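**Student:** Need a 3D model of the following:
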Amino acid sequence: MKEIGEIIKTCIPDVIINHIKEIKDKRSYRVSFDKIERTLGFNTSMTVRDGILEIKEAIESGKIANPDDPKYYNYHG
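**Tutor:** Take a look at the predicted model:
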């Protein structure tokens, strides 16, 4: 998650990143796309940075009017 925070900071320089030492969310964010590539021939075309910039644009354009809406979250502590 720290790496993603660093990428966000490069895309949105004004953002404030809070580092929380206590970890309540014990999910793993490590992902491998090897199986989907082997099985279906699917290759990813976007990077994490691309996704961050896409979300930033959607918020700035109003496509995502309320980024705090619970429908955008799948973890509720």
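
**Student:** pretty sure residue 33 contacts residue 42?
**Tutor:** Yes. Taking Cβ atoms under 8 Å as the definition, residue 33 is a contact partner of residue 42 at 7.4 Å. Glycine gets a C-beta too; all of them are placed from N, C-alpha and C.

**Student:** Residue 44 - nearest residue in space that isn't next to it in sequence?
**Tutor:** The shortest distance from residue 44 to any non-neighbouring residue, by Cβ to Cβ, 6 or more residues apart in numbering, is to residue 33 (5.8 Å).

**Student:** can you give me the helices for this protein?
**Tutor:** Using DSSP state H, the helices found in the chain span residues 2-11, 34-40, 48-61.

**Student:** nearest to residue 17, of those helices?
**Tutor:** helix 2-11 (4.5 Å; Cβ to Cβ).

**Student:** I'd like the average pLDDT over the closest one.
**Tutor:** For helix 2-11, mean pLDDT rounds to 92.

**Student:** Kindly report the same for stretch 54-66.
**Tutor:** Rounded mean pLDDT across stretch 54-66 is 96.

**Student:** Would you mind pulling the contact partners of that stretch?
**Tutor:** Among residues not part of stretch 54-66, those counted as contacts by Cβ atoms under 8 Å, 6 or more residues apart in numbering are 11, 12, 46, 67, 72.

**Student:** Same question for stretch 31-46.
**Tutor:** Here stretch 31-46 makes contact (Cβ under 8 Å, 6+ apart) with residue 54.

**Student:** Could I get the helices of the chain in TSV, plus columns for mean neighbour count?
**Tutor:** Formatted as TSV, the helices of the chain follow (neighbours: other Cβ atoms under 10 Å):
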stretch	mean neighbour count
helix 2-11	12
helix 34-40	9
helix 48-61	13
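
**Student:** ok, residue 19 touching residue 9?
**Tutor:** No. Counting by Cβ under 8 Å, residue 19 stays clear of residue 9, with 11.7 Å between them.

**Student:** That'll do, ta.
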